[in-house]
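> mind folding the following:
(chains A and B)
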Amino acid sequence: AQTVTQSQPEMSVQEAETVTLSCTYDTSENNYYLFWYKQPPSRQMILVIRQEAYKQQNATENRFSVNFQKAAKSFSLKISDSQLGDTAMYFCAFTRPYGNKLVFGAGTILRVKS
Amino acid sequence: EPEVTQTPSHQVTQMGQEVILRCVPISNHLYFYWYRQILGQKVEFLVSFYNNEISEKSEIFDDQFSVERPDGSNFTLKIRSTKLEDSAMYFCASSEARVAGGPDTQYFGPGTRLTVL
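Numbers count the residues shown, from 1 in each chain, chains lettered A, B, ... in the order given. Below is the predicted model:
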């Protein structure tokens, strides 16, 4: 069974600074996808970024980028130029292809301070 | 941009009552899911649905739960006899069939907060 571990329950960062959230996972699969979802206080689940395991290039979406280390089974999220609106719970998630379930980590609460 | 919708946003019910949570997935998506999140805890998978049948379910999804796609647009989760521990946020999600080179991304609805008294 796949597991996802987020070892940082809470983090804080100053506005405009950079922060990195950690995620590790365990799987015997070779083909899979990884995601970061953001959950603000409204509790909506918002897709932040996604990564295909077969791609060596790290995904980027504007201020968000990942450091995907397949051999180490590590998938960290870097947020650059942090904004107050980035304050939220961030979940790392894993899925196998073709309609399989998402397996979530426990989440990291990120607080951006002004 | 297409989005997943859910109704109601908040449902309050008495223990032992039946509830139906409704979802409208994104129109060209073929895979549908229900997840739940008890306050302060991680998001847990309940069930996935494809081609008008359950493709996978978790141990949480016992005989008290059922899912249905009654028409071409709605996807429902029924809890037959609610318990106090069913109080949670319930999320519906959908994904399209995997396209070449694309990740199998699940898009979530805004959730239904279920409170069982």
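> okay, and for chain B, where does confidence drop off?
Flagging of chain B using pLDDT under 70 yields the residue ranges B:97-103.
> so which residue is smack in the middle of it?
residue B:34 (2.7 Å; CA atoms, centre = their mean).
> what helices or strands is the helix or strand containing that one leaning on?
Using DSSP states H and E, the element containing residue B:34 is strand B:31-37. Contacts defined by 3 or more CB pairs under 8 Å, 6 or more residues apart in numbering or on different chains; DSSP states H and E place strand B:31-37 against strand B:19-24, strand B:44-50, strand B:88-95. C-betas here are computed from N, CA, C, even on glycine.
> at 10 Å instead, please
strand B:19-24, strand B:44-50, strand B:53-57, strand B:65-68, strand B:75-79, strand B:88-95, strand B:112-116 (3 or more CB pairs under 10 Å, 6 or more residues apart in numbering or on different chains; DSSP states H and E).
> so who does the residue nearest to the centre of chain B touch?
Applying CB atoms under 10 Å, 6 or more residues apart in numbering or on different chains to residue B:34 gives the contacts B:21, B:23, B:44-49, B:57-58, B:60-61, B:65, B:67, B:75-77, B:90-93, B:109.
> swap in residue A:114?
A:14, A:15, A:16, A:83, A:84.
> quick revisit: any of the contacts of residue B:34 buried? List them.
B:21, B:23, B:44-49, B:57-58, B:61, B:65, B:67, B:75, B:77, B:90-93, B:109 (16 or more other CB atoms under 10 Å in any protein chain shown).
> residue A:113 is nearest to which of the helices and strands packed on strand B:31-37?
Closest to residue A:113 of the helices and strands packed on strand B:31-37, according to CB to CB: strand B:88-95, at 26.8 Å.
> note down every partner strand of that closest one and its orientation.
strand B:31-37 (antiparallel), strand B:107-108 (antiparallel), strand B:112-116 (antiparallel) (DSSP bridges).
> any idea which of these is most buried?
Among the strands paired with strand B:88-95, strand B:31-37 has the highest mean neighbour count (mean count of other CB atoms under 10 Å in any protein chain shown), at a mean of 25.
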